[in-house]
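# Next comes the sequence, and after it the predicted model I'd like to discuss.
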There are 2 protein chains.
Amino acid sequence: MSLVLDPAAQDLLFREARTANTFTDEPVTDEQVQAIYDLVKYGPTAFNQTPLRITLVRSAEARERLLPHMAEGNRAKTAAAPLVAILAADNEFHEELPALFPAFPQAKDLFFAERPARESAAALNAALQAAYFVVGVRAAGLAAGPMTGFDFEGVRKEFLDDDHTPLMIVNIGRPGPDAWYPRSPRLAYEDVVTTV
Amino acid sequence: MSLVLDPAAQDLLFREARTANTFTDEPVTDEQVQAIYDLVKYGPTAFNQTPLRITLVRSAEARERLLPHMAEGNRAKTAAAPLVAILAADNEFHEELPALFPAFPQAKDLFFAERPARESAAALNAALQAAYFVVGVRAAGLAAGPMTGFDFEGVRKEFLDDDHTPLMIVNIGRPGPDAWYPRSPRLAYEDVVTTV
């Protein structure tokens, strides 16, 4: 075996974990979300900028405000999921940077003085963190249903502000009946990896 | 415990894993890279588009071509790492989409007929896969050193083509002496997570 990660953990996080489209009614608690965050917050980002911000849609009122912004094919499952999380990038992450990366506090002004530089860094690094978050949801024994099929500008206006860019919305819970499609094929190693 | 993932696996992937700046001489084999890929290829992407492409820089000649494109602070460690991987997004991923997402083959023409739509989807989804790859490197008991400090256009011209956008470059190996800075602080749950 070339991997040292326990095979059961490989299954839990990657091999058996699937994107769920249906969920049971079992609630997802704040304690679970906090445990997920407290694990995946250690995932690496450039200059430790950690620009990911998470909005948990818990109230029925907020859920009703979210649904019209979802693509039609995502609406029913987003209505039914025990918990829905809006993942966004904070384009003003640089304000925290001197505290987050004390080894090089000059990074804030040297690299991130301009908003476009912040937006592109935040988009990449928040996406890395979004992937860590999906892995973390699975580490909690839950299924994630990440979606990019929604009106980004609508969600931004409804739940965020001009300094935050939505990345994806994730349904979270225990998988229900017929929770997923058959596993789609993956590209072969030879089609993805080139050696020079 | 709110997580079901084994605590040793939590440590391996997140809590004790660190971004390495020095490495031992122990080689990273193709078998290890293949095992990493064969695990993390299952990480979810939108429409299973899996746009990540990986270039392994193995030859001394290719390493020499890469180094001038690295930011000065990244050059020495990139010269010394046992293996260097260039991670890129394939902006023409849609060609594979009918095979990769047989549940909805129309997605190719419906959503990805235009290059700008493909580029933004590929940037996000390849970034998710880059994060899964870093987790996979750690699952192999290796340390990753992901970097965005390089000349993106220079690396694209030197190693890729107009259809591929570099995302990050990752040094891979076993950590050497003084491999990392002290762990930088992370944002508190309350500073990242909002409930509505």
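Yep, it's here.

# and the helix-or-strand element of chain A with minimal mean pLDDT, how far out from the chain's middle?
Ranked by mean pLDDT, DSSP states H and E, the weakest helix or strand in chain A is helix A:107-111, scoring a mean of 93. Centroid separation for helix A:107-111 versus its chain: 26 Å, with Cα atoms, centre = their mean, to the nearest Å.

# ok, and what's touching it?
Contacts of helix A:107-111 with the rest of the structure, by Cβ atoms under 8 Å, 6 or more residues apart in numbering or on different chains, involve A:47, A:94, A:95, A:97, A:98, A:101, A:117, A:121. C-beta: built from backbone N, CA, C; applies to glycine.

# Could you check stretch A:67-77 and say which residues are buried?
Across stretch A:67-77, burial judged by 16 or more other Cβ atoms under 10 Å in any protein chain shown covers A:67, A:69, A:70, A:74, A:75, A:77.

# again, but for stretch A:81-92
A:81, A:82, A:83, A:84, A:85, A:86, A:87, A:88, A:89, A:90, A:91.

# now that stretch: mean pLDDT?
The average pLDDT for stretch A:81-92 rounds to 98.

# Longest strand of chain A, counting residues only.
The longest strand of chain A (DSSP state E) is strand A:164-173.

# what pairs with it, and is each one parallel or antiparallel?
Strand pairing for strand A:164-173, determined by DSSP bridges: strand A:83-90 (antiparallel), strand A:143-147 (antiparallel).

# any idea which helix or strand comes after the shortest one?
Helices and strands here follow DSSP states H and E; after strand A:143-147, the next one along the chain is helix A:152-159.

# contacts for that following helix?
By Cβ under 8 Å, 6+ apart, helix A:152-159 touches A:55, A:57, A:62, A:65-66, A:68-69, A:86, A:88, A:162, A:164-166, A:169, B:196.

# of those residues, buried ones?
Buried among the contacts of helix A:152-159 by 16+ other Cβ under 10 Å: A:55, A:57, A:62, A:65, A:66, A:69, A:86, A:88, A:164, A:165, A:166, A:169.

# Can you give me every residue that contacts the last one?
In this structure, residue A:169 makes contact with A:66, A:70, A:74, A:78, A:84-87, A:146-148, A:150, A:155, judged by Cβ under 8 Å, 6+ apart.

# Residue B:135: which of those is nearest?
Taking Cβ to Cβ as the measure, residue A:146 is the one of the contacts of residue A:169 closest to residue B:135, at 15.5 Å.

# pretty sure the closest one contacts residue A:19?
Yes. Residue A:146 is within contact range of residue A:19, at 6.7 Å (criterion: Cβ atoms under 8 Å).

# shared neighbours of those two, which are they?
With Cβ under 8 Å, 6+ apart as the test, residue A:146 and residue A:19 both reach residue B:44.

# and the helix or strand harbouring residue A:39, how far out from the chain's middle?
Using DSSP H and E, residue A:39 sits in helix A:30-40. How far helix A:30-40 lies from its chain's middle: 13 Å, per Cα atoms, centre = their mean.

# the longest helix in chain A is where?
Counting residues, the longest helix in chain A under DSSP state H turns out to be helix A:115-139.

# what pairs with the residue nearest to residue A:129 when sequence neighbours are not counted across the strands?
Distance criterion Cβ to Cβ, 6 or more residues apart in numbering or on different chains; nearest residue to residue A:129, sequence neighbours excluded, is residue A:52 at 3.7 Å. On the basis of DSSP bridges, residue A:52 is bridged to residue A:89.

# Quick check, pLDDT for the most centrally placed residue in chain A.
Centroid-nearest residue in chain A: residue A:130, 2.9 Å away (criterion: Cα atoms, centre = their mean). pLDDT recorded at residue A:130 is 98.

# which sections of chain A are below the confidence cut-off?
In the predicted model of chain A, residues A:1 satisfy pLDDT under 70.

# need the contacts of helix A:107-111 in JSON lines with distance to chain B, neighbour count and secondary structure, can you?
Output for those, formatted as JSON lines (distance: Cβ to the nearest Cβ, whole Å; neighbours: other Cβ atoms under 10 Å in any protein chain shown; DSSP: H, G, I helix; E, B strand; the rest coil):
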{"residue": "A:47", "distance to chain B": "9", "neighbour count": "21", "secondary structure": "helix"}
{"residue": "A:94", "distance to chain B": "13", "neighbour count": "24", "secondary structure": "helix"}
{"residue": "A:95", "distance to chain B": "11", "neighbour count": "12", "secondary structure": "helix"}
{"residue": "A:97", "distance to chain B": "10", "neighbour count": "23", "secondary structure": "helix"}
{"residue": "A:98", "distance to chain B": "11", "neighbour count": "14", "secondary structure": "helix"}
{"residue": "A:101", "distance to chain B": "6", "neighbour count": "21", "secondary structure": "coil"}
{"residue": "A:117", "distance to chain B": "11", "neighbour count": "12", "secondary structure": "helix"}
{"residue": "A:121", "distance to chain B": "8", "neighbour count": "22", "secondary structure": "helix"}
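
# Which two of the residues you listed have the greatest separation?
A:98 and A:117 (16.6 Å).

# Would you agree residue A:25 falls within a strand?
No. Applying DSSP: H, G, I helix; E, B strand; the rest coil, one finds residue A:25 to be coil, outside a strand.

# circling back: can you state the direction angle for the longest strand of chain A and helix A:152-159?
Here the directions of strand A:164-173 and helix A:152-159 differ by 80 degrees (axes from the mean of the first three to the mean of the last three Cα atoms, to 10 degrees).

# Tabulate the CA atom coordinates of strand A:164-173 in PDB.
This file holds the C-alpha atoms of strand A:164-173, laid out as PDB (Å, rounded to 0.1, in the frame of the first residue of the first chain):
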ATOM      1  CA  HIS A 164     -18.100  38.700   0.100                       C
ATOM      2  CA  THR A 165     -18.400  36.500  -3.000                       C
ATOM      3  CA  PRO A 166     -20.400  33.300  -2.800                       C
ATOM      4  CA  LEU A 167     -18.500  30.100  -3.900                       C
ATOM      5  CA  MET A 168     -20.900  27.200  -3.400                       C
ATOM      6  CA  ILE A 169     -23.900  26.100  -1.300                       C
ATOM      7  CA  VAL A 170     -23.700  22.800   0.500                       C
ATOM      8  CA  ASN A 171     -26.500  20.700   1.700                       C
ATOM      9  CA  ILE A 172     -25.500  18.700   4.800                       C
ATOM     10  CA  GLY A 173     -27.100  15.700   6.500                       C
END
